[in-house]
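[1] Give the three-dimensional model of this entry:
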Amino acid sequence: MFHHITVLKQEAVEGLNIKPDGIYVDCTLGGAGHSYEIASRLSSEGLLIAFDQDDAALDNAKERLAPLMDRVKLVRSNFRFLEEQLKLDSRVMKSGQPQVDGILFDLGVSSPQLDEAERGFSYNHDAELDMRMDRTAKLTAREIVNDWPEQEIIRILFEYGEEKFARRIAGKIVAARAKGPIDSTGQLVELIKEGIPAAARRNGPHPAKRSFQALRIAVNDELGVFEEALEQSIRCLAPEGRVAVITFHSLEDRICKQTFAKYVERCTCPGDFPICVCGTKGIVKLINRKPIEASVEELDENSRSRSAKLRIAEKLHSQG
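    Take a look at the predicted model:
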């Protein structure tokens, strides 16, 4: 059973400003909560293109979206290939470039992936060290933990997990793997606990949370993929089209904020000029300057929404 509670569902879909006959892209199909909400607002002339690289998510979507499949196209692909995949569909092509009315990213890992023990994402279940979103991909968490240099493991844990005990944890991992391979999430959790001082383990989230997040990001190159895809999404929007992004940690949110900022109109004239003469034009405008966060009601229903932030930008008509 693919059970997943969709985060910021109404806020994200409302933010896309759905037109019934428009073309929309859900880059992160997951449990199909956002996709269902978008597709249900489309007419038979509208189109939703939904991406996922997880077969379980795609199979679930075929069932959940069955009444709406006349306006839905499912694509088994990493959203890193967003622009490439859109170019294969003549319905979205205008003057040699994809033109869609809205694109959604929900960067949270689907609850079923976290909860399915054998996927290796969870520090609460003992399983093989895997963590691949796409099960056909080669790199696994086991390879990183057992084969990558100590300095690289320190970097991953510190940069992607913001783990202040990264050096100590990496040291425990390297010492343990010298005696034999680290094959399971259970083994890794114990090593992480050994690397964190007892006093620091008493408060806050599970001691392995940050390290597991970091390894998952590294295995799936999540930040690099997201940055690439967000740049592509801005190119693929039609005028007045919107991109809505739900992030779950500061690294993703920073990439989103900085990418949007790069394309927002800003004057480059010296401060003492009485009027703007540079003519610098932006490509997007921000719909919300501060990120939208989950309501109290949603927090009560789903604790995973606590760190969620939604940012929305709209493509301008005239671009420099």
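
[2] Residue 160: which element?
    Taking DSSP states H and E as the criterion, residue 160 maps to helix 150-161.

[3] And that helix, how far out from the chain middle?
    In terms of C-alpha atoms, centre = their mean, to the nearest Å, the centre of helix 150-161 is set 20 Å apart from its chain centre.

[4] Likewise for stretch 246-255?
    Centroid separation for stretch 246-255 versus its chain: 8 Å, with C-alpha atoms, centre = their mean.

[5] Any idea how far apart the tips of it sit?
    12 Å (C-alpha to C-alpha, to the nearest Å).

[6] list the buried ones in that stretch?
    246, 247, 248, 249, 251, 252, 253, 255 (16 or more other C-beta atoms under 10 Å). For every residue, glycine as well, the C-beta is placed using N, CA and C.

[7] Put together CSV for these, with pLDDT and secondary structure on each row.
    Below are the buried residues of stretch 246-255 laid out as CSV (pLDDT from 0 to 100; DSSP: H, G, I helix; E, B strand; the rest coil):
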residue, pLDDT, secondary structure
246, 95, strand
247, 94, strand
248, 89, coil
249, 87, coil
251, 91, helix
252, 94, helix
253, 95, helix
255, 96, helix
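
[8] quick check, nearest of these to residue 144?
    Nearest to residue 144, judged by C-beta to C-beta, of these is residue 251 at 17.6 Å.

[9] burial of the nearest residue to that closest one once chain neighbours are set aside, as a residue count?
    In space, and not counting its chain neighbours, residue 251 is closest to residue 223: 6.0 Å by C-beta to C-beta, 6 or more residues apart in numbering. Residue 223 has 18 neighbouring residues, counting by other C-beta atoms under 10 Å.

[10] sec struct for residue 223, please.
    Reduced to three states with DSSP: H, G, I helix; E, B strand; the rest coil, the structure at residue 223 is helix.
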